[in-house]
Structures are given as C-alpha cells and as structure tokens.
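[1] what would the 3D arrangement of this be:
(3 chains)
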Amino acid sequence: MIPLSGQLLNLLAAVFLLIAFAMLAQRRILSLIHLYAYQGLVLSLSTLIVAYSTHQPHLYYSMLLNFLLKVLIVPWILHRLIHRLNVQWDVETLLNIPTTMLIGLALVIFAFNLSLPIVQLAGTINRSTLGIALASVLLSFLMMITRSKAVPQVIGFLALENSLIFAATSITYGMPMMVELGIALDVLVGVFILGVFFFHIRNQFDSLELKHMEKLKDN
Amino acid sequence: MEILLLLFVPLSGGILLALFGNHRLAAELNSIISFLTLINAGFLTARIISYGPIVAFHEQFFVDPFNIFLVTLTALVAFTTSLFSRPYMRIEQHHGKLTENRLRLYHCMYQLFTFTMLLALLTNNMGILWVAMEAATLTTVLLVSLYRTPASLEAAWKYFIICGVGIAQALFGTILLYFAAEKLLGIHSSLLWTHLDKIKDRLDPTVMSVAFVFLLIGYGTKVGLAPMHNWLPDAHAEGPTPISAVLSGLLLNVALYAVVRCKILTDGALHSHFAGNLMIGFGLLSLIVAVFSLSHQKDIKRLFGYSSIEHMGLITFAFGMGGPIANFAGLLHMTVHSLTKSAIFFTVGHAAQKTRTQVMENIRGLLIQSPTVGWGLMLGSLAILGMPPFGVFASEFLILTTAMKQQPWATPLLLMALAVAFAAIFGKVQPMVFGETTAQRTPRPPALLPIFVHLSLVLMLGLFIPMYLANWYREAASLIGY
Amino acid sequence: MTNLYGFIFQFIQLIMTLVLSPLLLGWINQCRYWLQNRQGPGVFQPYRQLVKLFCKDAVLADNASPLFRMTPYFLFACMCLAGTIVPVLATNLPFASVADVIVLVGIFALARVFLALAAMDIGTGFGNLGARREMMIGFLAEPALLMVLFTPAFISHSTALTTIVDTLSHTRFIIYPSMAFAMASYLMVLLAENSRIPVDNPSTHLELTMIHEAMLLEYSARHLALVEWASSIKLYDYFVIGFALFVPWGIASGNHLSSMLLAFLALFIKLAFAGFGLAIVETLSAKMRIFRVPEFLGTAFMLAVLGTLTHFLLEA
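    Numbering: from 1, shown residues only, chains lettered A, B, ... in the order given. All right, here's what the predicted structure looks like:
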C-alpha cells in the first residue's frame, strides 16, 4: 500500500501530465503562460510534499526556488513581454490537434516503458512518477516542434526544463543545491535574453511567426 | 588560487567591459584581459606540470592533464582572437554594421563566453559543467545575432532552440548519472567527477547506458554532430567572424570534452565498447554528412562551418576508437584543428571585409590586394585539409592508421571523406586566392599576427612535438582510457 | 428475505429514476436561470411540460413507419433499464448482476441507433442532419466512454458495476490519479452524450447546428413526452454512473433501512451539487462549432487512455 504522501505525489504527477497535454492543445498564448505557471505550482507542491515526508531540508530551498522562479518571476516576465509585444490575444492556428494528441499518447507509452527499468532501481517514494516526467519532457519537445510562433516555442522550452526538474525530484530527490541554483540562473537569464530577442525578431520581421525564419539553407 | 584567478579575470573583465565596452580603447582592454587570462592559464599549466593534478575549493574544481591542455588552448585562442577582433570589429563599425552599444555587448559577452568555457573545463561538478555549457549557449546567442539582420536573427534563434533542446537532454543524462551515483556516494559528492571516477565500475550499467545516450546526444548537439548539426553552419556564417573563430576553436572542443568525460564513466560502468561504438557511429555520420555538404556551399563561412563539423566528427571517431594512440591523435587533432580553423576564420574575416561579401563567387584574387591574407587563407586551407607538413596531417595520419588496425571497415570511408573534402575546399579556395582581384583596401590594416602565430604553431606540431607536450598528451590520453 | 429486500430496493430505485430525472433537469435549468440573473419557472417545470404533452393528441406524419411510433417507448425502456443496472442506493441489486458496464454502454448505443433511425424515418432534412451528427458524436464518444469505464474496471478487476462500486467505496481511502483523468474524460463525454453546451444546446430547436433537437422535430404529444422523459432519464443515468465511479461514498451495502435512508440523502446532495456544477459549466462555456466536436471528444478519449496508462504506471 502506498502511503498518503505517495498517493498525493502520484496525483500531482498526473496533474503535471495533464498540464503538459493541455499545453500541447492550447491555442492562446495567454492561457499557455497560465498553464506554465500552474505546472510550476504543481512542481513546487510535489517538491514540498517530498521534502516534508522525507525530511530533506535542501528540498525546501529547492521548492522555494522553483516557486519563486516558475510561478512568480518567469510568468510575470512573460506577461510583461506579451503585453509589450502586444501579442497577448494571439491565437495560433494549430494543425490537427487530434493527430498531435495521438502522437503525444504514443510518446507517453514510450516514456512509460523506457522509465520502467530505471524506476526499479530507485528508492524514492515518488519513483513511479519518473515515467510521467519523461513523458512530459517528450511532450514539451513535441510542443516545440509543432509550434509556429516564437513565444509558445519558448514556453515549450521552459516546460521542458520544468519536466526535467520534476524528473530529478522523482528519482533522486532533486539535484545538489548548487546545481539547481545554476540551472535556475540559466533559466532566468535565458528568459531575459529571449525577451530581448523577441523585440529584435519583431523589429526585423514585423511578427513573431517563425515561418519568416526559414531562409537559411545550404546553397 | 590560480584557478580562482583564472576564472575571476574573465568574469570581472566581462563586468568591466559591460560598463566601458563602448570606450575608445575597449578592444585593447579586451585583449589585455584575454592576455591576463592566458598568463594565468600558463601559471596553472606550469603548476600542473610540476605538481600533478589538483583539486581545489571543497573539490569543486579539478585540474588534470586532460583539461589543463584545453584550458591553455582556450586561453590562447581567446587571446589571439581578441587580437584579431580589434581591427576587425573597428572595420565593421566603420562599415556601419555595428553601433557602439552593440560593440559593448560584444566585448562583454566575449569575456563572459571565455569565462563559461573555462568554468566548464575546470569544474569538477558534472552539474556545473552542464550549467556552464548552457551559459555558453546563452552568451553566444546574443553574439550570433549581433548584426540584427534577418539572417543573423534566424541563425541565432535556430542556435538557441536546437542547442537548448540538446542541452536539455544532457541535463536529463546528468540527472540519470546523479541517480546512478547517489546511492554509492551520497548527496554531496555524487556529481563530483573525481569521486565518480573512483567508483565508476560500480555504477549501474543500465542507467549509465541510458544516461550516456542522453549525454552524447545533448552535448553532441553542441559539438555539432550530425544529425543535430543544423545550427552550426548558420551560426558560423551569420555571426561576427571572431565569434565563428571561437565557436569553432573553443566551444566545440569544450562540448567534446564533456562528452569524453562522460564516456570515461560509462566505459568504467559498462566494461564494454558501447559508448565508443556510439561515438564512432555519430563521428562517422557527421564526417560523411559534412563532406558531402561542402561541395554545394556558396558562403565562405558556411563552408568552413561544415569543415568544423567534419573535423569534430573525425575527433569523435578517434575518441570512440579509444586506446592510447587514437586518444593521442584525438587530442592532437583537437589542438591543431582549433588553431588552424581559427586562423582560417581570421583570414576569411579579412577577406570578407576586403570584398564586402561572404559569397565565394565574388571573392577573387586576394593575393593581389593583400598577399598575407591570401597566403594565410591558402596555407590555412591546405593545413586543414591535412597536407603535410602541418600538424593536421600528423593527427589524421595517426587516426587513419589506428582505424586500419581497430576498425578496418571504416578506413575506406575515412579516406573517401578526406578526399571529397580536399576536392571541395581546395577547388573553392584556389580561385579566391589567385586571379583577378575584387578586393579593396580596408580602412585599417588587418591583424596578421594571430594568423601566423596559429599557422606556425600548427606547422611546428606537424614537424615535431616538444617532449613535454608529447608527455602531456600521452598522460591525457591514458586518462581517457579505452 | 434478502432477495425480497433486493427486489424492493430495485423497485424503489426504478421509481426514483422515473421521478427524480425530470426534477434533476428542472433543477439544472433553474440553476442556469439563476446564474443568468433570471427568475426561472421553478424546478417542477419539466413535470408540467410532461403532463401537458401527455394530454395532447399525437400527430403523426403520413409516411411514418411503425418504427417511428415504437421508438419513444423503446427509448424510454432502454433508459429505465440502464437506470436499474447502476447501483444508486445499494450495491446488492438483483438486476445489476445481469449486466456489466460494457452492456450498459451497449444499451445506450442501442437507444441511439433507434433514435437515429426514427429521425431519418420521415425523411425530412433536419431529421437526417440530426441523425448524422448524433451518429458522429456517438462514434467518437462511445470509445471514450468505454475507456473511461475500463480504468475503474482495472482497479477493481471486474467490469460489474456493483463490484466496482463496492471496491471503490468500501476499501480504505486511496487517491487514484488515473481516476482524475477518467473523471475529466467522463465529464466531457457526459456533455456530448446528453447534448449539453458546449456540444449542443438543449434549450432551443432554432439553431442550424442543433443535434438532439433536430431528431425530435417530428414528434408530438405523448411520443415527444416519452422521448423528452427518456433523455432526462439518460442525463440522470449519466449522473448516477458518475457518482458510482467517482464519488461512491454513502452508498448502502447492506439492506438496512437506515443505511438506505443515508444513501438516499447522499444521492440527493450529490445530485444537487452536480446539477449546479453542470449549470455552471454550461453557463461559462460557449457552444463550439460542430467541426470542433471531434477535437473535443478526441481529447476526451485521449484523457481516458491516459487514465488507463497512468493506472498501470502509478498504481499497478
């Protein structure tokens, strides 16, 4: 029988996966940012539960870091960005959501299978969520591939990073604090740089559509 | 102490240049900081040579023959490139491609890039290695898009997205590595390479093999291995030329360094040739994809970008074979490739400035306008194509002979690839150097010193390798193992 | 003795299905009116409607076949049967053992086929249109519904509803993440199958995009009353299936009158809350274009599959 904290973690993992799928299907940029913030919240909550139930003090810091960065700061920056870029009501035309979903489903099955041998070696209470973390990683990839605008692609990238941290929490109770700090710093700087970058792209191309940016080819 | 100083100099230099990077003498300041870094690296090298490997600051930093050789190389190329960029960037500014603010950004990011490279090399922590690699991507993204042209923005975006995704895979690999080691080493030391190295044969083979696949694909993206190489030619072609030089000469090397570090651990855990075989596969694939892309290039910097993919493939192949000779050859090739390739980019940069184009058809008769640039390009190309007596010949010869012994089936592929590369590059470089000229004078004289320093070093390495250098390579090669 | 009690309960449950279903519909409508700041006709309006329709004389088209006349009775019978299979008040129902969840889905499918045939029987354009749309939705919703039902079936190792409810309600409290997926999916299927907003608008037959209403245009008087009643029973059935799967607490396992009363009270509260919830969902969402419906139901199916997958990953 799984203890209650384990059950809660499993539930949160399921929600995490659900959010990953929702991101895949979401057309509005603004809702995408909200989903990203929810994902960060789920990540922080599950880190908190792990920290509480295993008495790992460094996980509290990790949780705090995740919460500040992924629920407050980065979504705030993204909000500011899309307001400044005036794309907050942008709706993307996504091709064939059902097909994307089916591919996503196949990816989930693949991820679950891949994670099985690794999970058997882990000793953490939430080890079975590795499959979900891996699945979310692959779904974020899929999202980056299917998106044709710059901002959603970046949110896909950020979701990818979220999923990786989730994977780290699920098999090893998180990475050493210094590494997590480094990763967080990279994410923050990355978002800043990309924010600047969006303006350059818009100045050059008058839109954030990536189809303008397929000119570089060999020959 | 030297380590801290070595990292502190470029970091503080970056901050300093962020403040004064648009000053009249910023380029000189940039060179001076790079020179200080080089001196520091020299001191550190001297210390390693005389006292052996050191571990410092709660084991967070670690220097052994393998990485000190890359540290020195990085510092050297960073310094010579800064010398080259001094007149180059001024001419660019004169041509109206850059504003003062961009120049400040350029100088600042140049130093920060050096810092991340050195951090990636010196750190003992596999997690920090990842952080530094990611930071290197972030600093160079802004450098690639420095001109803010549509093409450069596209290149930078591609670079960021592809490398970002790649590096994310490497993070997953690192997580798995940590997972494999955590049970044996506990929380605090299980990402430290020195500790991992000691217990590598007890790491779980299943986890390690999955981890290595992710790490190889992740860091391999930054090495420019096919099929994740798409960003590389674009980033080389659209960024400022000094950045092309350091990307080819430094970043690819450091990413490969990360792959090799991971390979050592995986080999220890698996006791099989799994990691090596994967690297051989990716190396050969990149080599072949690159040489066949060479012939239909029009842009000179793209051409040499593909040439970098080719050489990285070759080095990956060499490390994949393993063994003392192949590793020796791989290390030597790393050295000579980064020296030669950056020298080539220096000449290419000046050539492009003199003819105001990067399209090879419009670059003609460099020799008439500027014999030094012309001959530099000619000699550099010959060197990179593996002509004796240059150092590339020696390392390629070693790789080929080892391949004949260990992987005989790959030899014809290697020979064919080298021949195709020769035909493609030589056929394109020859008319650019000779014939009627399209070049004009630039407002400032080109920086010729870096070109000839690099080429003469490569020549020296081809003719004889000094005793201590050979010992050094040998030690590093034995560290990498089979 | 047990058997007799069982039959009594079974009978009570049937009566409740018949009586409570219009009330549920009235309650949902009333909640919607409140949410829209309108007065509303009160929760008993569906009863008045039914009485009114039963009192009228039926008008049939000249070319109506017997099938057309049979269908309302058949539909009504199907829905009532479904209502008796689902354990609403107690788990030891004699009827429940004859059918499991797959049969339940089959009964709904059967009713749908008859309704669609009857709609096409007269040969009007709207009837055909509605039948086609109804079949499209059914074709997409049924697999999703089956997948939803499989998740609890895997958890309890049985497809019998009584066993499922027993397992879910009477073992120690466990969080099943897979059931969260199944629940989300079930909600979507419920909306689609019962012609609620955002898939169809139940309160008007003036839209070109109508589905359910388009099929009923030719019915009048007692036939229409039966069909309307059947569809309100269908909604009630979907509600109680949902309760049985996702919030089974309060259901009686023995034959005590007290536990029965408790179960009745629990059911009443659950219906009230769920009805209000549905009204909120309907008020907050806008009707989607018919071409988006496959996407909607595809998502439902995907969620259901995900639920089954997470069951194997997290709970196996």
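
[2] just the closest residue of the stretch 301-450 of chain B to chain C, please.
    At 35.5 Å from chain C, residue B:320 is the closest residue in the stretch 301-450 of chain B, using CB to the nearest CB. Bear in mind the C-beta positions are built from the backbone N, C-alpha and C, glycine included.

[3] list the contacts for that residue?
    If you count contacts by CB atoms under 8 Å, 6 or more residues apart in numbering or on different chains, residue B:320 has them with B:275, B:276, B:277, B:278, B:279, B:280, B:281, B:282, B:283.

[4] try 6 Å this time
    B:276, B:279, B:280, B:283 (CB atoms under 6 Å, 6 or more residues apart in numbering or on different chains).

[5] okay, it: pLDDT?
    Here the pLDDT value assigned to residue B:320 is 93.

[6] now residue B:31: how far from residue B:111?
    Separation of residue B:31 from residue B:111 (CB to CB, to the nearest Å): 11 Å.

[7] which positions within the longest helix along chain A qualify as buried?
    For chain A, the helix with the greatest residue count under DSSP state H is helix A:177-205. By neighbour count with 16 or more other CB atoms under 10 Å in any protein chain shown, helix A:177-205 contains the buried residues A:177, A:179-184, A:186-187, A:190-191, A:193-195, A:197-198, A:200-202, A:204-205.

[8] repeat that for stretch B:451-465.
    Those would be B:451, B:452, B:453, B:454, B:455, B:457, B:458, B:459, B:461, B:462, B:465, for stretch B:451-465 by 16+ other CB under 10 Å.

[9] residues in contact with the residue of the stretch 1-150 of chain C found nearest chain A?
    Chain A sits closest to residue C:140 of the stretch 1-150 of chain C, with a gap of 9.7 Å, by CB to the nearest CB. By CB under 6 Å, 6+ apart, the residues touching residue C:140 are C:294, C:297.

[10] need the pLDDT of residue B:202.
    89.

[11] quick revisit: for the residue of the stretch 1-150 of chain C closest to chain A, pull up the helix or strand it's in.
    Taking DSSP states H and E as the criterion, residue C:140 maps to helix C:125-156.

[12] which residue ranges of chain C form strands?
    Under the criterion DSSP state E, chain C carries no strands.

[13] show me the shaky parts of the chain.
    Going with chain A. Applying pLDDT under 70 to chain A flags residues A:1-2, A:93-95, A:218-219.

[14] switch to chain C, please.
    C:1-3, C:170-172, C:205-207, C:252-255, C:316.

[15] and for the stretch 51-200 of chain B?
    Filtered on pLDDT under 70, the stretch 51-200 of chain B yields no residues whatsoever.

[16] and the residue nearest to residue A:188 when sequence neighbours are not counted, how many residues sit next to it?
    In this structure, residue A:188 finds its nearest non-sequential neighbour in residue A:69, 6.5 Å apart by CB to CB, 6 or more residues apart in numbering or on different chains. Neighbourhood size, residue A:69 [other CB atoms under 10 Å in any protein chain shown]: 20.

[17] I figured residue A:69 hits residue A:186, correct?
    No: counting by CB atoms under 6 Å, residue A:69 does not reach residue A:186; the two are 10.9 Å apart.

[18] show me the helices in chain C, by range?
    Using DSSP H, helices in chain C cover C:2-35, C:45-55, C:66-85, C:101-121, C:125-156, C:161-170, C:177-193, C:212-216, C:221-246, C:257-284, C:293-310.

[19] sorry, that was for the stretch 1-150 of chain B
    For the stretch 1-150 of chain B, the helices defined by DSSP state H, counting those that start in this stretch cover B:2-20, B:26-51, B:65-94, B:100-122, B:126-144, B:150-185.

[20] what is the third one packed up against?
    With contacts defined as 3 or more CB pairs under 6 Å, 6 or more residues apart in numbering or on different chains; DSSP states H and E, helix B:65-94 has these neighbours: helix B:26-51, helix B:100-122, helix B:241-246, helix B:324-355, helix B:449-463, helix B:467-480.

[21] which among those is found nearest to chain A?
    helix B:100-122 (9.9 Å).

[22] re the thing from before, what's the closest of the helices of the stretch 1-150 of chain B to residue B:335?
    Taking CB to CB, helix B:65-94 is the member of the helices of the stretch 1-150 of chain B nearest to residue B:335, at 5.9 Å.

[23] buried set for that closest one?
    Buried residues in helix B:65-94 (16+ other CB under 10 Å): B:65-93.

[24] and for stretch B:182-201?
    Those would be B:182, B:184-185, B:187, B:189-193, B:195-197, B:199-200, for stretch B:182-201 by 16+ other CB under 10 Å.

[25] do stretch B:283-295 as well
    Going by neighbour count (16+ other CB under 10 Å), the buried part of stretch B:283-295 is B:283, B:284, B:285, B:286, B:287, B:288, B:289, B:290, B:291, B:293, B:294.

[26] what's the neighbour count on the residue in the stretch 1-150 of chain C that chain B sits nearest to?
    Nearest residue of the stretch 1-150 of chain C to chain B, counting by CB to the nearest CB: residue C:147, 30.2 Å away. Using other CB under 10 Å, residue C:147 has 23 other residues around it.

[27] got the contact list for stretch A:97-114?
    Counting by CB under 6 Å, 6+ apart, A:24-25, A:131, A:134-135, A:138-139, A:142, A:146, C:295, C:298, C:302, C:305, C:313 sit against stretch A:97-114.

[28] using TSV, lay out those residues together with distance to residue C:16.
    Formatted as TSV, the contacts of stretch A:97-114 follow (distance: CB to CB, whole Å):
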residue	distance to residue C:16
A:24	42
A:25	39
A:131	43
A:134	48
A:135	43
A:138	48
A:139	44
A:142	47
A:146	49
C:295	37
C:298	35
C:302	35
C:305	34
C:313	39
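
[29] neighbours around the closest residue to residue B:448 other than its chain neighbours, how many?
    Leaving out its chain neighbours, the residue that sits closest to residue B:448 by CB to CB, 6+ apart is residue B:372, at 5.1 Å. Residue B:372 is flanked by 16 other residues according to other CB under 10 Å.

[30] returning to what we had before: and the longest helix of chain A with helix B:100-122, angle?
    150 degrees (axes from the mean of the first three to the mean of the last three CA atoms, to 10 degrees).

[31] next, the angle from helix A:177-205 to helix B:150-185.
    170 degrees.

[32] how close does the closest residue to chain A within the stretch 51-200 of chain C get to residue B:294?
    The minimum distance from the stretch 51-200 of chain C to chain A, using CB to the nearest CB, falls at residue C:177 (3.3 Å). Separation of residue C:177 from residue B:294 (CB to CB) stands at 53 Å.

[33] helix/strand/coil for whatever residue of the stretch 251-400 of chain B ends up closest to chain A?
    The stretch 251-400 of chain B approaches chain A most closely through residue B:296 (5.2 Å), counting by CB to the nearest CB. At residue B:296 the chain is in coil, as set by DSSP: H, G, I helix; E, B strand; the rest coil.

[34] for it, the count of nearby residues, please.
    Residue B:296 has 10 neighbours, counted by other CB under 10 Å.

[35] repeat for residue B:436
    8.

[36] for it, which non-adjacent residue is spatially closest?
    residue B:365 (5.0 Å).
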